[in-house]
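Chemist: with the input below, show me the fold.
(one chain, ligands or ions: 1)
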Amino acid sequence: MGSLQQREENGEASVVTEETAISISPGSIHGFESLHRLLEANLKPQIFQEVSRLLLGLNCGRPLERICLPEAATSLSAENNFDLQAFSFHADKELLRQQRVVRVGLIQNSIALPTTAHFADQKNAIMQKVKPMIDAAGASGVNIICLQEAWMMPFAFCTREKKWCEFAEPVDGEATQFLQELARKYNMVIVNPILERDVSHGDTIWNTAVVIGNHGNIIGIHRKNHIPRVGDFNESTYYMEGNTGHPVFETAYGKIAINICYGRHHPLNWLAFGLNGAEIVFNPSATVGELSEPMWPIEARNAAIANSYYVGSINRVGTEVFPNPFTSGDGKPQHSDFGHFYGSSHFSAPDASCTPSLSRHRDGLMVSDMDLNLCRQLKDKWGFRMTARYELYADLFSKYLKPDFTPQVIVDPALQKKI
Ligand SMILES: NC(=O)NCCC(=O)O
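Modeler: The predicted model follows:
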């Protein structure tokens, strides 16, 4: 019998043994929804406070503030069993500029039906599952929300089977229309990451984020720049490298951009959105524990620091099982699931503070207020833009792109290398 542990279910803590907790909640961390909650339950309060300071940083010199959301939102979370957390990032008061506080949301979800169900039913069931979370965001006065990568389908790209292309839809297709109505209803900007079928260009498929304005209008699209070729992420079988550059969308609530999933491993991709003036960059993702979990809390936070903007990181949850087994090309046995999508959606701020993560195994809505003035305040403080030496890098890139490039390496003469 293992030691007694606190376990949280539907936001409530209960006491169970370590073994039963693990068996009850696959994907949990020893029965806890997140590392933060595990630490909170197991450390003495003053030790937990110090650990939190080191793990999450400080915002304007203080621990990040939790905020209360209206009862309409908390009851939707209880009724529909999704994790709901809310925080506030402050900036210092300025003499000449008003505060620019926006309320931003992130939604993570598992699929709703088995992958063997009719495709139309699968898509419809996911939309119905996500709706109460958007309603809760609407009830909380969220101004901008982003869903996870390809939220309207199972992440079937591991299979290499072409039938899953049927989930692709035009920019103004079913998912967009569904969200346009909610954008109008809640006066909310909605970032809608879909598998896109570009009908006017020979049915080309892209991995696209459609930015829907708060009047339900389509502001524009961004197509994923970097496509993974790692593990079971066989996405290059399905869609092409994006052709939309690094657009920043000026919305009613601030300048936003979208760095879709694997793009987060490319610091220059983050940089480009920053150079175009983004204040919030969303990273809608689909990634599994075995592959990327140690990288997850680091990369987005680093991007927020290096580029003086906020980052909203979103990952789907759950284990998706596919009808036919597939292999990963690594000599390991064939398998029918992708592994565990570990959720853990969170926000990072330019001052190096970040929120705790949403659940590792349940659907969730993360809400945060953020004063966008913090972006310029951090630029003034650290001067990363001013000290960047872009001309040095431009020079290196122009040389690197030429076929006759030779790396600038100065060899220690003592090595006595033979040429
Ligand atoms: N969807 C996607 O790009 N996943 C790649 C895996 C990762 O970047 O962690």
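Chemist: after the longest helix along the chain, which helix or strand is next? Please name it.
Modeler: In the chain, assigned by DSSP state H, the helix with the most residues is helix 119-139. Downstream of helix 119-139, the first helix or strand assigned by DSSP states H and E is strand 144-146.
Chemist: pLDDT on the longest helix of the chain, on average?
Modeler: Mean pLDDT, computed over helix 119-139, is 98.
Chemist: alpha carbons only: can I get stretch 323-339 in CSV?
Modeler: The C-alpha trace of stretch 323-339 is given here as CSV (Å, rounded to 0.1, in the frame of the first residue of the first chain):
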residue,chain,number,x,y,z
PRO,A,323,-8.5,1.6,-36.0
ASN,A,324,-5.3,0.3,-37.7
PRO,A,325,-1.9,-0.1,-36.0
PHE,A,326,1.0,1.9,-37.4
THR,A,327,4.8,2.0,-36.9
SER,A,328,7.1,4.8,-36.0
GLY,A,329,10.1,3.7,-38.1
ASP,A,330,12.2,3.2,-35.0
GLY,A,331,12.2,-0.6,-34.8
LYS,A,332,9.6,-0.6,-32.0
PRO,A,333,6.4,-2.7,-32.3
GLN,A,334,3.4,-1.3,-34.1
HIS,A,335,0.8,0.4,-32.0
SER,A,336,-2.6,2.0,-32.4
ASP,A,337,-2.3,5.1,-30.3
PHE,A,338,-0.2,8.2,-30.4
GLY,A,339,0.7,8.3,-26.7
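Chemist: near the ligand, which residues of the stretch 201-350 of the chain?
Modeler: Within reach of the ligand by Cβ under 6 Å from any ligand atom, the stretch 201-350 of the chain has these residues: 228, 233, 261, 262, 286, 287, 291, 292. Backbone N, C-alpha and C define where each C-beta goes, glycine included.
Chemist: as TSV, these with neighbour count and secondary structure would be great.
Modeler: TSV is the format used below for those (neighbours: other Cβ atoms under 10 Å; DSSP: H, G, I helix; E, B strand; the rest coil):
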residue	neighbour count	secondary structure
228	20	coil
233	21	strand
261	26	helix
262	24	helix
286	24	coil
287	26	coil
291	17	helix
292	21	helix
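Chemist: what's the spacing between the residue in the stretch 301-419 of the chain positioned nearest to the ligand and residue 52?
Modeler: Nearest residue of the stretch 301-419 of the chain to the ligand, counting by Cβ to the nearest ligand atom: residue 315, 8.6 Å away. Taking Cβ to Cβ, to the nearest Å as the measure, residue 315 falls 22 Å from residue 52.
Chemist: those two: who's more crowded?
Modeler: Counting neighbours by other Cβ atoms under 10 Å for residue 315 and for residue 52 shows that residue 315 has the greater number, 28 against 18.
Chemist: so what sits opposite the more buried one in the bridge?
Modeler: residue 285 (DSSP bridges).
Chemist: residue contacts, it?
Modeler: 108, 148, 285, 286, 287, 296, 341, 342, 343, 344, 345 (Cβ atoms under 8 Å, 6 or more residues apart in numbering).
Chemist: what's around the last one, how many residues?
Modeler: Residue 345 is flanked by 30 other residues according to other Cβ under 10 Å.
Chemist: my read: it touches residue 300, true?
Modeler: No: Residue 345 is not in contact with residue 300 according to Cβ atoms under 8 Å; the separation is 10.0 Å.
Chemist: any shared contact partners between these two?
Modeler: Common contacts of residue 345 and residue 300, defined by Cβ under 8 Å, 6+ apart, comprise residue 313.
Chemist: what's the closest non-adjacent residue to whichever residue of the stretch 1-150 of the chain sits closest to the ligand?
Modeler: For the stretch 1-150 of the chain, the residue closest to the ligand is residue 149, as judged by Cβ to the nearest ligand atom, at 5.6 Å. Sequence neighbours aside, residue 284 is the residue nearest to residue 149 in space, at 4.3 Å (criterion: Cβ to Cβ, 6 or more residues apart in numbering).
Chemist: enumerate every residue touching the residue nearest to residue 299 when sequence neighbours are not counted.
Modeler: Nearest residue to residue 299 in three dimensions, chain neighbours excluded: residue 264, at 4.9 Å (Cβ to Cβ, 6+ apart). Residues counted as contacts of residue 264 (Cβ under 8 Å, 6+ apart) are 270, 283, 285, 299, 300, 303, 313.
Chemist: out of those residues, list just those in strands.
Modeler: 283, 285, 313 (DSSP state E).
Chemist: who wins for most neighbours among these?
Modeler: residue 313 leads the ones in strands among the contacts of residue 264 on contacts (other Cβ under 10 Å) with 32 neighbours.
Chemist: grab the nearest non-local neighbour of that one.
Modeler: For residue 313, ignoring the flanking residues on the chain, the nearest one in space by Cβ to Cβ, 6+ apart is residue 300 at 4.3 Å.
Chemist: how much space is there between the one you found and the ligand?
Modeler: 12 Å (Cβ to the nearest ligand atom, to the nearest Å).
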